[in-house]
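In: Test case, fold it:
(chains A, B, C and D)
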Protein chains: 2
Amino acid sequence: MNDLLGALKPLGLLEAVAAMQHPATLAELVASVGVPKPTVHRWLASLEAAGLLQRTPDGRRFELAPRASQLAFSILGNRPGGSTRHEILQRIVQEVGEACNLTVLDGTQVKYLDRVESNWPLRITFQQGSKVPAYCSASGKLFLALMQPAKRDLLLGQMPLERLTDNTVIDKSELLKELSNIRRDKYALDREEFMTGLVCLAVPIHQQKGRSRACVAALAIQAPVTRVSHTDIVSKLPILQRAAETIAATLTE
Amino acid sequence: MNDLLGALKPLGLLEAVAAMQHPATLAELVASVGVPKPTVHRWLASLEAAGLLQRTPDGRRFELAPRASQLAFSILGNRPGGSTRHEILQRIVQEVGEACNLTVLDGTQVKYLDRVESNWPLRITFQQGSKVPAYCSASGKLFLALMQPAKRDLLLGQMPLERLTDNTVIDKSELLKELSNIRRDKYALDREEFMTGLVCLAVPIHQQKGRSRACVAALAIQAPVTRVSHTDIVSKLPILQRAAETIAATLTE
DNA sequence: TATAGACGTTTCATATTTCGGAATTTTCTG
DNA sequence: CAGAAAATTCCGAAATATGAAACGTCTATA
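Out: Just a heads-up that it's a prediction; the model follows:
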């Protein structure tokens, strides 16, 4: 229940009170959050002093106070950009019928910020937050292709090129040629280079930075090669590019 | 700004982020809450670890994360704290004799936070927590009309306009014209655009956000067209507006 | 392409706060 | 009015927060 760190632990109490149907007593909350009684008491006092909770007229129970509502409306009126983007991913999955993900470059690896799975029984399950090497994934090659050459050289230098499948490109000059093509095409493919049977198409998401546009994230669809061939997947490009534009708009809003 | 005690101080940051219309940088937040830079940095890290905030894909700004939305819905769906609001809805139903509801915008859809039914045998039963598309509901059009233009364009871009009844507006320019009228009139009508036989009138609930007032929720009445015509329903406007003011007052305190 | 400046992050010695077992007071129950 | 249960207060040990300064890193301008 209480997975909050350090100073935010009292917030777990607010969540607990908000989750209850009736105003809660101290004893109920002690049972609910599993923290010693004096501590819960102190936390409740803090939340009350902050105006987030208030006591019921009888003085023995706690309920939400006006400031909690204010905060809630404030949060909902300022809808997280993350959920906006998540909705866009969902729409892509609806349209193309394959899994879709949003990634950023994290060192020499590609990190999944968000992901929506397809509805097919056969599907590749990556979990959000996991990472894959940049040199053998569509998103990763895209980042490498679009970054400043100096930075690219630096990263390639500290990135061991290991063979993960028969198709993995482990020759540096061959990889550089591929990156140059990607820069020209404005999209990248993973032709079973990371995992046999898995193909992927990625497009960049740009953000205005001063006078230049930098590629800060990538949008990609992944599919089993048995359902979508290396060449068929490129037909999804327009859908992906349009969605990328929409997501880019959420970055400046 | 920061009147929170001890362990809850980082919460002031959550409020600050929620109060901004753009994802905030560390420097902006330092200026906003008046706390030393390393401290803000640490608080942000806590909130991020807790899942209440997340970084934008470029890694330089902070925005609300899913857990913040969860918390907000949890707070607003909570009966004890919402009892005042619920009573206001009940009073409206008494006065106008038709169903009344309180909504927020959740992505491209309108979500029912609370609802009180009329006592007539013939009534439309929506349940609390359900959602309807924004472009063809009174509340939804109200939100679209009153939000920042950039945000509106973004949402309209990802919102497929489907014909649900003969009256549904599916032409984008026509919809924009309607939104402009709504902005002028300060109320919105649903003339059987979502469901044949159902008319609806919605007014905004504003919350002070920094220097400007944002529309964070909407209050609406719904009625069968056989009982209240498209034009008659506007006569309920004063009652609705007065109630909206009352609810808004609980948010400014 | 070089360079000044802004911004974000880390460090670390110090000071403050929190923690929770036990004692105490208040409230409920029969 | 006793006895039990719940809420509140105490307080020393332990953990944590604090913020000035230093350090990287990115950005804007020449």
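In: OK, contacts around the closest residue to A:Ala214 other than its chain neighbours?
Out: In space, and not counting its chain neighbours, A:Ala214 is closest to A:Gln207: 5.9 Å by CB to CB, 6 or more residues apart in numbering or on different chains. For every residue, glycine as well, the C-beta is placed using N, CA and C. By CB atoms under 8 Å, 6 or more residues apart in numbering or on different chains, the residues touching A:Gln207 are A:213-214, A:216, A:248, A:251-252, B:57-58.
In: again, but for A:Pro10
Out: A:43, A:46-47, B:7-8.
In: That one is in what secondary structure piece?
Out: helix A:9-19 (DSSP states H and E).
In: Direction-wise, compare that helix with helix B:9-19 and give the angle.
Out: Angle, helix A:9-19 to helix B:9-19, by axes from the mean of the first three to the mean of the last three CA atoms, to 10 degrees: 60 degrees.
In: do helix A:9-19 and DNA strand D meet?
Out: No: using CB under 7 Å from any atom of the strand, helix A:9-19 stays clear of DNA strand D, coming no nearer than 9.0 Å.
In: Would you list the phi and psi of the residue lying farthest from the centre of chain A?
Out: Distance from the C-alpha centroid of chain A peaks at A:Asp58, with 45.3 Å (CA atoms, centre = their mean). Phi and psi for A:Asp58, reported as degrees, to the nearest 10, are phi -70, psi -10.
In: SS state for the residue nearest to A:His206 when sequence neighbours are not counted?
Out: Among residues not flanking A:His206 along the chain, A:Arg213 sits closest, at 4.3 Å (CB to CB, 6+ apart). Following DSSP: H, G, I helix; E, B strand; the rest coil, we place A:Arg213 in the strand state.
In: Dig out what A:Arg213 forms beta bridges with.
Out: Assessed by DSSP bridges, A:Arg213 has beta-bridge partners A:Gln208.
In: So what's the residue count around it?
Out: Neighbours of A:Arg213 under the rule other CB atoms under 10 Å in any protein chain shown: 13.
In: Tell me where the stretch 1-150 of chain A has strands.
Out: Listed in chain order, the strands of the stretch 1-150 of chain A (DSSP state E, counting those that start in this stretch) span residues A:24-25, A:53-55, A:61-64, A:99-106, A:109-116, A:131-133.
In: quick one: which of the ones you listed is nearest B:Gly81?
Out: strand A:61-64 (3.2 Å; CB to CB).
In: partners of the closest one in the sheet?
Out: strand A:24-25 (antiparallel), strand A:53-55 (antiparallel).
In: Show me the domain layout of chain A.
Out: Listed by automatic domain parsing, the domain ranges of chain A are A:6-76, A:81-252.
In: which ones are touching the spatially most central residue of chain A?
Out: Chain A has A:Leu113 as the residue nearest its centroid, 2.1 Å off, counting by CA atoms, centre = their mean. For A:Leu113, the contact set (CB under 8 Å, 6+ apart) comprises A:101-104, A:128, A:217, B:57.
In: Any of these buried? List them.
Out: By neighbour count, with 16 or more other CB atoms under 10 Å in any protein chain shown, the contacts of A:Leu113 hold A:101-104, A:217, B:57 as buried.
In: just curious, which of those residues is nearest to A:Arg152?
Out: A:Val104 (16.2 Å).
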